[in-house]
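Trainee: kindly generate the corresponding structure for this input.
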Amino acid sequence: MDTAIQTYIETVQVNDIPWHRLTTTYGRATDFPEALDVLWNMESIETVDAAGEALELNIEHQSTLWHATPFAMIFLLRIFKKAQEASAHNAVAQYLAEQLVELFTVIAECIRDGLMLEHADPLPNFEDMLNEEYLWSEEYDEDEDVLRFEEDDVFPDDLFFSFYYYSLQILLLAIPLLDTSDEGEAKLLGLISANRSV
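Mentor: Residues are numbered from 1 along each chain as shown. Predicted coordinates:
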């Protein structure tokens, strides 16, 4: 992996991302920081479930990834690592780690499916997806967003493929965290490994 890409993934902060200008399955990612914070804190299975479901529904839909997906994946990977480290003495952490393996598996399957199709090259850098030309309006207007989604070129080809490519780069960083003796983690590792030749 390119060093600059890995450095960005490892150092970018939640507040660096203009979530309110990134698209999701059902709108904008405005509420993502709050949901990610709930997962990070791992206070109860109920709160983790609610926040996790809100994120899951908005970063993937019918094998489609969204503009917010790779950015959410950065922080979900960090949360996964923390949950793994705490799972031996924290039932909520153990539950969250298992749920994240399932979510990462869905994302890996989307990437696999996307790679089977003809696609453009990704943007050169992870943060290029935050170039002003790709961000949506500063002020949210549902009607305007609906109209924009009806445009033929709502996501330029290189931007759209970047949702998949950079989500894969994050999953590649998860490889050292996966335990092949665990059935779910072994399946995820297999999917990531099959995709890594991109």
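Trainee: please make it C-alpha for all contacts and neighbour counts, starting now.
Mentor: Noted.
Trainee: in the chain, which helix or strand is least confident?
Mentor: Ranking every helix and strand in the chain by mean pLDDT, DSSP states H and E puts helix 142-149 at the bottom, with a mean of 84.
Trainee: got the buried residues for it?
Mentor: Across helix 142-149, burial judged by 16 or more other Cα atoms under 10 Å covers no residue at all.
Trainee: mind listing what Phe126 touches?
Mentor: By Cα atoms under 8 Å, 6 or more residues apart in numbering, Phe126 lies in contact with Ile5, Tyr8, Ser162, Tyr166.
Trainee: and Asp141, how many neighbours does it have?
Mentor: By other Cα atoms under 10 Å, the residues close to Asp141 number 9.
Trainee: how about Ser87?
Mentor: Here the number of neighbours of Ser87 (other Cα under 10 Å) works out to 17.
Trainee: my guess is it meets Gln94, correct?
Mentor: Yes: under the criterion of Cα atoms under 8 Å, Ser87 is in contact with Gln94, at a separation of 4.2 Å.
Trainee: what's in contact with the least confident helix or strand of the chain?
Mentor: Contacts of helix 142-149 (Cα under 8 Å, 6+ apart): Gly27, Val154.
Trainee: and the residue at minimal distance from the centre of the chain, helix, strand or coil?
Mentor: In the chain, the centroid-proximal residue (Cα atoms, centre = their mean) is Met73; its distance is 2.9 Å. Under DSSP: H, G, I helix; E, B strand; the rest coil, the three-state class of Met73 is helix.
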